[in-house]
Every structure is written in C-alpha cells, then in structure tokens.
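Engineer: Generate coordinates for the sequence data below:
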Amino acid sequence: MSFLYFIIIGLIAGWLAGKIMRGSGFGLIGNILIGILGAILGGWLFGVLGFAVSSGFWGSLITATIGAVVAIFIARLIRGR
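Structural biologist: Numbers count the residues shown, from 1 in each chain. Below is the predicted model of the structure:
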C-alpha cells in the first residue's frame, strides 16, 4: 500500500509543480516520475537545509511538490528552455 501512496503523492506533486512552473508539461508518466524524484529531492534538500520534514499526507505532498519544482527547474536548465 505504501508504494501506491508514493505513486499518488508523486502524481499530485508532479501535477502541482507543473502548474506552479507553467509551460510545457511532461505528461502523466513524466509528472509521476518528476513527482517521485521531487519527493526524494525535497526530502534530501529539507534535510540539508536543516528543516524538519513533516510526515503525513500534507507534509509529504508539500515536500514532494517543492522538490518537484526544483527538479523541473533543473530539467529546464538542462533542456535549455
């Protein structure tokens, strides 16, 4: 069940990050992957900066969304758009 939870958080976070960053999207699978990558990146980034990562649905969603925004920013720098 936690894998499904991780996918759902990734999908929502990727979609939210796409709306926040505006521009061309990555599609459903791309949004899930960006959201999952964002969850990992957000958790790591918050840890490095010394912020406590909240648990639960909303904490996970906020962390994953912030990480996904950073991931989209980096992806756009690499793609040159």
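
Engineer: Would you check that Gly14 makes contact with Leu33?
Structural biologist: Yes: Gly14 is within contact range of Leu33, at 7.3 Å (criterion: C-beta atoms under 8 Å). All C-beta spots, glycine's among them, are computed from the backbone N, C-alpha and C.

Engineer: Pull up the overlap in contacts between these two.
Structural biologist: Phe26 (C-beta atoms under 8 Å, 6 or more residues apart in numbering).

Engineer: Those two - which one has more neighbours?
Structural biologist: More crowded of Gly14 and Leu33, by other C-beta atoms under 10 Å: Gly14, with 30 against 17.

Engineer: what's the spacing between that one and Thr63?
Structural biologist: Shown here: Gly14 relative to Thr63, a distance of 13 Å by C-beta to C-beta, to the nearest Å.

Engineer: Tell me the buried residues in stretch 10-28?
Structural biologist: Gly10, Leu11, Ile12, Ala13, Gly14, Trp15, Leu16, Ala17, Gly18, Met21, Gly25, Phe26 (16 or more other C-beta atoms under 10 Å).

Engineer: Spit out the contact partners of Ala68.
Structural biologist: Here Ala68 is in contact with Ala13, Gly14, Leu16, Ala17, Ile34, Gly35, Leu37, Gly38, Ala39, Leu41, Gly42 (C-beta under 8 Å, 6+ apart).

Engineer: Tell me the buried residues in the one helix or strand it maps to?
Structural biologist: Here Ala68 sits within helix 56-79, counting by DSSP states H and E. With burial defined by 16+ other C-beta under 10 Å, the residues of helix 56-79 counted as buried are 60-72.

Engineer: Low-confidence regions, this protein specifically.
Structural biologist: Counting by pLDDT under 70, the chain has low-confidence residues at 1, 23-25, 53-54, 81.

Engineer: hmm, back to that, among the buried residues of helix 56-79, find me the one that's closest to Phe46.
Structural biologist: Distance to Phe46 across the buried residues of helix 56-79 (C-beta to C-beta) is lowest for Thr63, with 6.1 Å.
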